[in-house]
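> Sharing a model prediction with you, sequence too.
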Amino acid sequence: MWNRGKALELGCNTVPIAMIEFQFFNDCPNADATLQNLKAVMRELDIAEHQLKISVVPDIDSAKRLNFQGSPSILINRMDIYTGEEPTGFSYACRLYEFDEEQTGVIPAGFIRKKMAK
């Protein structure tokens, strides 16, 4: 089920948001903050919570099977919110992002909002 025409901008394409997946492993120091940012943006944009799937990636075998990119990751319609691409390969490690020329493990609410509000 798509939500009221909300869409994700991926490159030059805009697609309706059908499923949001939050992937992480236990003890990730950045998972809670990123998940709270994601949920806050979903509330702001009136995106139903049932569209969010939270997936714990417990081990390397699961990471391989899921093409897990590292913890935390957000996928929208199976596309990575940060790269705009479907994940390939895998990484079972903490994930680092670059925003405003600074590295962080937390995906900021502003970035999530920008990607999901289109």
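Nice, thanks for sending it over.
> contacting residues around residue 42?
Applying CB atoms under 8 Å, 6 or more residues apart in numbering, we find residue 42 in contact with 20, 48-49, 51-52, 116. From N, CA and C alone the C-beta is placed, and that goes for glycine too.
> which SSE is it in?
Per DSSP states H and E: residue 42 is located in helix 31-44.
> May I have that helix as CSV, with CA atoms only?
Listed next in CSV are the C-alpha coordinates belonging to helix 31-44 (Å, rounded to 0.1, in the frame of the first residue of the first chain):
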residue,chain,number,x,y,z
ALA,A,31,21.0,2.8,15.5
ASP,A,32,18.7,4.4,18.2
ALA,A,33,19.4,8.0,17.1
THR,A,34,18.9,7.2,13.4
LEU,A,35,15.7,5.2,14.1
GLN,A,36,14.3,8.1,16.2
ASN,A,37,15.1,10.5,13.3
LEU,A,38,13.4,8.2,10.8
LYS,A,39,10.2,7.8,13.0
ALA,A,40,10.0,11.5,13.6
VAL,A,41,10.2,12.3,9.9
MET,A,42,7.6,9.6,9.2
ARG,A,43,5.2,11.3,11.7
GLU,A,44,5.9,14.7,10.2
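> what's the helix or strand just after that helix packed up against?
Of the helices and strands lying after helix 31-44 in sequence (DSSP H and E), the nearest is strand 52-56. Strand 52-56 sits against strand 20-24, helix 31-44, with contacts defined as 3 or more CB pairs under 8 Å, 6 or more residues apart in numbering; DSSP states H and E.
> Helix or strand: which one has the residue most central in space within the chain?
Most central in the chain under CA atoms, centre = their mean is residue 74, positioned 1.0 Å from the mean C-alpha point. Secondary-structure element containing residue 74, defined by DSSP H and E: strand 73-76.
> what about this protein, any weak spots by pLDDT?
Counting by pLDDT under 70, the chain shows low-confidence ranges at 1-16, 118.
> Turn the helices and strands packed on strand 52-56 into TSV, including distance to residue 59.
Output for the helices and strands packed on strand 52-56, formatted as TSV (distance: least, CB to CB, whole Å):
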stretch	distance to residue 59
strand 20-24	13
helix 31-44	16
